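In: below are the sequence and a predicted model for it; my questions follow.
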Amino acid sequence: MGQRLEDIRKSVHEHYLSWRNRDRIVQSELFQLAWEKDKDKLVTSLYVIDSSKLRRLIREIVFNNLEDCSLRILIELAKQKGVKNYSRLSKTQLIAELR
């Protein structure tokens, strides 16, 4: 019985961490931007796919509409993607680097 209890605790903890991670994703500016662009796709995917796939989906939605992104969002995307000297680039240059 002790092993079964440990398995249940481990499973509950993994689910908790997964949902905590999803909450962080949903609270992000990128999610909000993606939500404005394609709410239907996010709603249908939110509970079905894991966190890493959700992040990829958000980036796909946002990257397809880079021209609509604010400079602040573009800088954040460039930072995440590892673009060098991203803070010195113009909006047009950032879009080119992100593509």
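Out: Everything's here; your move.

In: drop to CA atoms for contacts and neighbour counts, all remaining ones
Out: OK.

In: can you tell me how far Ile8 sits from Asp50?
Out: Here Ile8 is placed at a distance of 20 Å from Asp50 (CA to CA, to the nearest Å).

In: could I get the full set of helices for the protein?
Out: Per DSSP state H, the chain carries helices over the ranges 2-27, 29-46, 51-63, 71-81, 91-98.

In: between Ile8 and Asp50, which has more neighbouring residues?
Out: Neighbours per residue, other CA atoms under 10 Å: of Ile8 and Asp50, the larger number sits with Asp50, 14 against 11.

In: contact partners for that one?
Out: By CA atoms under 8 Å, 6 or more residues apart in numbering, the contact set of Asp50 is Ser18.

In: what does Leu46 give?
Out: By CA under 8 Å, 6+ apart, the neighbours of Leu46 are Leu54.

In: and with 10 Å instead?
Out: Neighbour list for Leu46: Arg22, Val26, Lys53, Leu54, Leu57 [criterion: CA atoms under 10 Å, 6 or more residues apart in numbering].

In: residues contacting the closest residue to the second one other than its chain neighbours?
Out: The reference is to Val26. Excluding its sequence neighbours, the residue lying closest to Val26 (CA to CA, 6 or more residues apart in numbering) is Gln32, at 7.4 Å. When contacts are counted by CA under 10 Å, 6+ apart, Gln32 touches Ile25, Val26, Lys39, Ile58, Val62.

In: okay, the helices of the chain in a markdown table with mean pLDDT next?
Out: Shown next, in a markdown table, are the helices of the chain (pLDDT from 0 to 100):
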| stretch | mean pLDDT |
| --- | --- |
| helix 2-27 | 89 |
| helix 29-46 | 86 |
| helix 51-63 | 85 |
| helix 71-81 | 82 |
| helix 91-98 | 88 |
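
In: contact partners for Cys69?
Out: Leu30, Leu33, Val62, Phe63, Ile75, Lys91, Ile95.

In: let's see 8 Å
Out: Leu33, Val62.

In: then the one 4 residues further on?
Out: Contacts here follow CA under 8 Å, 6+ apart; on that basis Ile73 touches Glu29, Leu30.
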